[in-house]
Each structure stands twice: as structure tokens, then as C-alpha cells.
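J.: Based on what follows, work out the 3D shape:
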Amino acid sequence: MLAVIALAAAVWFGYGWGRALLVDRAAAEARDAALSGAVQAAVNLNSVDAENVDLSIENMRSSITGDALRNDLEATEEDIRARVAETGTSMSAEALFGTLTELNTDDEVAKALVVLAVRTETPELFATNKVPVLVSLRKDGDVWKAETIEPLASVEMESGPVAGAPPPAPAPGAPAPGAETAPEGEAGP
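T.: You can find the predicted model right below:
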């Protein structure tokens with residue numbers, strides 16, 4: 001009787017261990033890979049280095065699949081280059097957190113919500129915004145890539161002058177810093 005119970009327990013636990021090793025592990029790896037692809041795509045699509053725009057655009061291109069995003073990037077690539085050259089603006093994104101909202105390993109598609117801290121910096125000023133994005137993914141070869149990306153409402157976290165940057169020039173017609181203004185109704189000197 002004890003041998004039968006021991007055999008049943010071994011079969012039961014062996015089945016659970018085998019399932020965890022073969023089935024659950026594959027599902028966990030697919031979840032991890034899809035989430036990693038979503039985070040990487042969100043970061044790459046929200047980052048532009050003013051010092052190396054070519055690399056930034058290559059990173060964007062490496063994170064997307066499907067005609068919609070490829071066509072969008074192709075249509076805006078020259079505009080991105082022109083704006084960065086004109087303003088010297090850089091953007092860098094850092095993932096705060098992310099989660100998969102859907103995963104279909106049979107069709108190799110997934111959806112994720114990724115929350116980014118996106119720092120936009122000109123030579124004088126910076127602003128950091130919290131930006132949640134919805135990323136639809138499709139597996140492209142062995143890599144999960146963004147098929148669509150939709151930013152949601154952003155919230156400013158901080159902003160101000162860039163450390164070491166000269167103070168911004170006063171607006172035309174504004175008094176110079178430290179200059180006295182004449183009291184209302186009196187003409188100045």
C-alpha cells in the first residue's frame with residue numbers, strides 16, 4: 001500500500017515538475033522576452049541624441065516592425081534631423097516600469113503598458129515628463145518589436161535650466177536684470 005502511495009505521489013509531483021520545467025518555463029520566457037521588447041522599443045522610440053542622430057534613428061528602426069511604424073519613421077526622419085540640428089534638442093527615455101497586458105504566443109503578438117521618464121534637453125533648459133505608452137508588439141524572428149505605440153497623457157516631473165548653462169536672454173523690451181523701473185505714471189530717465 002505504501003509503495004502505491006509513493007508511486008502515485010512520485011507521478012503527481014513528477015508531472016507538476018515536468019509541466020513547470022517544460023510548459024510554464026516557456027510561457028515565462030515568452031512573457032519576459034515580450035516585455036523586454038516593449039520596454040526597449042518604448043525607450044528607443046522616445047530617445048534622440050543630438051550628438052548622434054544617425055544612431056538614434058537606427059535604434060528606432062531596430063525596434064519596430066510592420067508598415068505603419070516603418071512608414072511613420074520614414075516620413076518623419078528628415079523632420080527629426082532638421083529639428084535636432086536647429087535646436088540642439090536631445091531626448092532620453094528611461095523605463096520606470098512596464099507590464100504586459102496581453103500575450104498570445106500562438107499568433108506571436110502582445111500588448112504592454114510602459115511608463116517612461118523622458119528628459120528633453122536643449123542647450124539651456126530641460127524638462128522631465130512621466131509618459132505612459134501603450135505598445136503593441138509582434139514577434140519578428142526571435143525579437144519582439146513594436147508594431148504600434150501610443151503615448152498617453154504625460155505629467156511633468158521636473159524642469160529648469162541645464163546645470164552650467166548661461167541664463168536665458170531677457171525678452172525683447174523687458175528691463176535688464178537689476179535695472180530699476182519707473183513707478184507707474186512717471187516717465188523714466
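J.: so where's the chain uncertain?
T.: Within the chain, the segments meeting pLDDT under 70 span 13, 15-23, 165-189.
J.: And the strands in it, which stretches?
T.: 90-104, 109-121, 125-140, 143-151, 155-161 (DSSP state E).
J.: got a markdown table for those strands, with distance to residue 41 and mean neighbour count too?
T.: For the C-beta atoms, the positions are set from N, CA and C on the backbone; glycine is no exception. Listed next are the strands of the chain as a markdown table, based on distance: least, CB to CB, whole Å; neighbours: other CB atoms under 10 Å:
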| stretch | distance to residue 41 | mean neighbour count |
| --- | --- | --- |
| strand 90-104 | 10 | 15 |
| strand 109-121 | 8 | 20 |
| strand 125-140 | 6 | 19 |
| strand 143-151 | 4 | 19 |
| strand 155-161 | 21 | 11 |
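J.: closest to residue 61 out of the ones you listed?
T.: Among the strands of the chain, the nearest to residue 61 by CB to CB is strand 143-151 (10.0 Å).
J.: Now do the closest one and strand 125-140, the angle between them.
T.: Counting by axes from the mean of the first three to the mean of the last three CA atoms, to 10 degrees, strand 143-151 lies at 130 degrees to strand 125-140.
J.: In CSV, list the strands of the chain along with distance to residue 28.
T.: CSV is the format used below for the strands of the chain (distance: least, CB to CB, whole Å):
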stretch, distance to residue 28
strand 90-104, 11
strand 109-121, 14
strand 125-140, 16
strand 143-151, 14
strand 155-161, 32
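J.: Can you tell me which of those is nearest to residue 49?
T.: Distance to residue 49, taken as CB to CB, is lowest for strand 90-104 among those, at 5.6 Å.
J.: next one: the closest one to chain centre, how far?
T.: Distance of strand 90-104 from the chain centroid (CA atoms, centre = their mean, to the nearest Å) equals 6 Å.
J.: swap in stretch 86-93?
T.: 15 Å.
J.: Convert that stretch to CSV, retaining C-alpha atoms only.
T.: Output of stretch 86-93 as CSV, limited to C-alpha atoms (Å, rounded to 0.1, in the frame of the first residue of the first chain):
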residue,chain,number,x,y,z
GLU,A,86,18.1,73.6,-35.5
THR,A,87,17.5,73.4,-31.7
GLY,A,88,20.2,71.0,-30.4
THR,A,89,17.4,69.2,-28.5
SER,A,90,18.0,65.7,-27.1
MET,A,91,15.5,63.3,-25.6
SER,A,92,16.4,60.4,-23.4
ALA,A,93,13.9,57.9,-22.0
